[in-house]
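Enquirer: sequence and predicted model, in that order:
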Amino acid sequence: MADASSPPAPAPLGAEDLADARLAPWPASPWPAPRRDGGGGRMNPLFTILPVSALAIGLVLLVAVAVILVATRRARPRKVDAGGSCNGDGKPGAPTSSCSSHNTRCGYAAAAGVGCIYAGRLGFSAPPPPRSRGAQVFTYRELERATDGFSEGNVVGRGASGAVFRGRLADGTPAAIKRLRLDHRRQGEREFRIEVDLLSRMDSPYLVGLLGYCADQSHRLLVFEFMPNGSLRSHLHPSASGGGGGARQPLDWATRLGIALDCARALEFLHEHSSPAVIHRDFNCSNVLLDRNLRARVSDFGMAKLGSNKADGQVVTRVLGTTGYLAPEYASTGKLTTKSDVYSYGVVLLELLTGRVPVDTRRPPGQHVLVSWALPRLTNRQKLVQMVDPALQGQFALKDLVQVAAIAAMCVQTKAEYRPLMTDVVQSLIPIAKPTPAMSCSSTPIRAALEHVIFMGSSHCGSKTSS
Ligand SMILES: Nc1ncnc2c1ncn2[C@@H]1O[C@H](COP(=O)(O)OP(=O)(O)OP(=O)(O)O)[C@@H](O)[C@H]1O
């Protein structure tokens, strides 16, 4: 029985009350109170819109999450695996030797040393040492695709260390892909390591940029910016270069001076704006490449050496390089300094002036070696004019010719210490190297604004400016 003093028990809600409770007006709702829809009345739009929008929002969110997941998987740069293994496709699997890198100065050791490319496994090992620039790691398959299976038709040149192919990367970037021959002397492997190590930490508009590399199992490939006008050699000495590139107009005086200045700036950068200094060691006209505006950039760092910290920066090393370009003291003793490059630069300057190759045994006696033939003429105005490439006659002012000849003469002096610094060469050439119309619309000025930025031995990372 119910206690009379206690409050009355609430009457049980009837079906109608429940219905009314559901139909209680929604406070602050902009919509009219929903009506029970039983007899064909208009449904409150909230009933329709809310569940539909919730469903739509949910779907959109799901799709967005899926897209983000896919995008981050794709965008995640393939990393050099510090301890993983991979097979030729860059998939985990095939055993390789350990890739742990002790080289904290650069990221090449793990990549180049044992050929492990991380592609697809989340790494739990220590992150690889930072690569200072955007040199990308490619799989062999990717480069195969970029070059139509390394087809003969895409060969743009062949050097001692392998063939160079024209290619187009997946994002459309044109590239020169150098497939190194790995011989028993492991010179190709050494060259690969040096190029990746040095070029991925240097950035200058006067060096051919390294876009990436591939160290997939036994394959070693280097991917460079494509230089559509090939090597300086193919322009100056087309017959000696196997005629590659077809018939070409001889380079004119202004273009040659521009090339001389670009090369001087490249070497200035290596010698005086890099720490420690980099000695190219094989500077010659095959390693000077020309862009579409005939601006020059220096390539081929496979033989480069870091200068020592001693006052004279001298290192003693095996004599490597190209005949006709070797500084006498380096050729005879193996003592290498930045002044060895200055000598080689002088030889290239003489080639630009005369159109002659450094060594030509088909010429009369006394004219075989360009330097010996040219030196006495460089300081004699009359002989000087006669020694100039006949293709240049009438294009230069005598005072400019005398100035260039004086620079060349200084560079090829027998005594290394009397040769100028590359900075001096740059300063001497600036007033006489006037930009041609082609040069003034070159791609280089943008890069030139970033000139002389170097990240050697620094953890500071810069991204590479594209050409
Ligand atoms: N980045 C590039 N863009 C366009 N062509 C290139 C590029 N790199 C090289 N080549 C072409 O390939 C040729 C061979 O280049 P490579 O660097 O292999 O050999 P090299 O310097 O001529 O000789 P070696 O390596 O024996 O000193 C060059 O002469 C040039 O014609």
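Expert: Now that the structure is in, tell me what you want to look at. Since the structure is predicted, the reported quantities are computational estimates derived from the model, not experimental observations.
Enquirer: so what's Lys434 closest to, chain neighbours aside?
Expert: Computed as C-beta to C-beta, 6 or more residues apart in numbering, the closest residue to Lys434 that is not its neighbour in sequence is Ala254, at 6.1 Å. For glycine as for every other residue, the C-beta is placed from the backbone atoms N, C-alpha and C.
Enquirer: residues near that neighbour, how many?
Expert: Using other C-beta atoms under 10 Å, Ala254 is surrounded by 20 other residues.
Enquirer: do the one 3 residues further on as well
Expert: Applying other C-beta under 10 Å, we find 24 residues neighbouring Leu257.
Enquirer: what does it show for phi and psi?
Expert: When read as degrees, to the nearest 10, the backbone of Leu257 gives phi -70, psi -40.
Enquirer: what helix or strand does the nearest residue to it once chain neighbours are set aside sit in?
Expert: With sequence-adjacent residues excluded and distances taken as C-beta to C-beta, 6+ apart, Leu257 is closest to Ala433, at 4.1 Å. Using DSSP states H and E, Ala433 sits in no helix or strand.
Enquirer: what residues are up against Ala260?
Expert: The contact partners of Ala260, by C-beta atoms under 8 Å, 6 or more residues apart in numbering, come to 348-349, 352, 404, 429, 433.
Enquirer: residues of the stretch 151-300 of the chain that sit close to the ligand?
Expert: With C-beta under 6 Å from any ligand atom as the criterion, the stretch 151-300 of the chain meets the ligand at residues 156-161, 164, 176, 178, 208, 224-227, 230-231, 234, 286-287, 289, 299-300.
Enquirer: buried ones among the residues you listed?
Expert: Using 16 or more other C-beta atoms under 10 Å as the burial test, those include 156-157, 159, 161, 164, 176, 178, 208, 224-227, 230-231, 234, 286-287, 289, 299-300 as buried.
Enquirer: keep only those of these that are in strands.
Expert: Judged by DSSP state E, those include 156-157, 159, 164, 176, 178, 224-225, 289 as members of strands.
Enquirer: greatest separation within the residues you listed: which pair is it?
Expert: Spanning the widest gap among those are Gly159 and Glu225, at 16.7 Å by C-beta to C-beta.
Enquirer: coming back round to it: which one in the ones in strands among the buried ones among the residues of the stretch 151-300 of the chain next to the ligand is the model shakiest on?
Expert: Among these, Gly159 has the lowest pLDDT, at 87.
Enquirer: for that one, give me its contacts.
Expert: Contact analysis of Gly159 by C-beta under 8 Å, 6+ apart lists 178, 286, 300.
Enquirer: identify, from the residues you listed, the entry nearest to Leu392.
Expert: Closest approach to Leu392 among these (C-beta to C-beta): Ser286, at 21.4 Å.
Enquirer: skipping its backbone neighbours, what lies nearest that closest one in space?
Expert: Of all residues not flanking Ser286 in the chain, Arg233 sits nearest, at 4.6 Å (C-beta to C-beta, 6+ apart).
Enquirer: pretty sure that neighbour contacts Ala240?
Expert: Yes. If you go by C-beta atoms under 8 Å, Arg233 and Ala240 touch, sitting 7.1 Å apart.
Enquirer: more neighbours: the two, which one.
Expert: Higher neighbour count among Arg233 and Ala240: Arg233, with 21 against 13, using other C-beta under 10 Å.
Enquirer: CA atoms only: put the helix or strand encompassing Ala374 into PDB for me.
Expert: Secondary structure assigned from DSSP H and E places Ala374 in helix 370-378. Once non-C-alpha atoms are left out, helix 370-378 reads as follows in PDB (Å, rounded to 0.1, in the frame of the first residue of the first chain):
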ATOM      1  CA  LEU A 370      99.900  22.400 -76.500                       C
ATOM      2  CA  VAL A 371     101.500  24.000 -73.400                       C
ATOM      3  CA  SER A 372     105.100  23.800 -74.700                       C
ATOM      4  CA  TRP A 373     104.000  25.200 -78.100                       C
ATOM      5  CA  ALA A 374     101.800  27.900 -76.700                       C
ATOM      6  CA  LEU A 375     103.900  29.300 -73.800                       C
ATOM      7  CA  PRO A 376     106.400  31.300 -75.800                       C
ATOM      8  CA  ARG A 377     103.600  32.700 -78.000                       C
ATOM      9  CA  LEU A 378     101.400  33.800 -75.200                       C
END
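Enquirer: ok, back up a step: pull the number of nearby residues for the residue nearest to Leu257.
Expert: By other C-beta under 10 Å, the residues close to Ala433 number 22.
Enquirer: for the ligand, what's its nearest residue on the stretch 1-150 of the chain.
Expert: Sorted by distance to the ligand under C-beta to the nearest ligand atom, the residues of the stretch 1-150 of the chain start with Thr147, at 12.8 Å.
Enquirer: OK, contacts around that residue?
Expert: If a contact means C-beta under 8 Å, 6+ apart, then Thr147 has 154, 165-167, 177 as its contacts.
Enquirer: out of the residues you listed, who's nearest the ligand?
Expert: Closest approach to the ligand among those (C-beta to the nearest ligand atom): Arg166, at 7.3 Å.
Enquirer: over to Ala416: give its phi and psi.
Expert: phi -60, psi -40.
Enquirer: gap between the closest residue to it other than its chain neighbours and Tyr345?
Expert: Nearest non-adjacent residue to Ala416, counting by C-beta to C-beta, 6+ apart: Lys339, 4.0 Å away. Going from Lys339 to Tyr345 by C-beta to C-beta, to the nearest Å gives 10 Å.
Enquirer: how about Gly153?
Expert: From Gly153 across to Tyr345, the span is 35 Å (C-beta to C-beta).
Enquirer: those two: which is more packed in?
Expert: Between Gly153 and Tyr345, counted using other C-beta under 10 Å, the more crowded position is Tyr345 (27 against 8).
Enquirer: secondary structure element for that one?
Expert: Per DSSP H and E: Tyr345 is located in helix 338-354.
Enquirer: just the pLDDT for the closest residue to Pro238 other than its chain neighbours.
Expert: Once flanking residues are discounted, Pro238 sits nearest to Arg248: 6.2 Å by C-beta to C-beta, 6+ apart. On the pLDDT scale, Arg248 is placed at 80.
Enquirer: Arg248: what secondary structure?
Expert: coil (DSSP: H, G, I helix; E, B strand; the rest coil).
Enquirer: likewise Gln427?
Expert: Under three-state DSSP, Gln427 comes out as helix.
Enquirer: residues near it, how many?
Expert: Neighbours of Gln427 using other C-beta under 10 Å come to 13.
Enquirer: contacts only, for the residue nearest to Pro238.
Expert: Residues in contact with Arg248 (C-beta under 8 Å, 6+ apart) are 234-235, 238.
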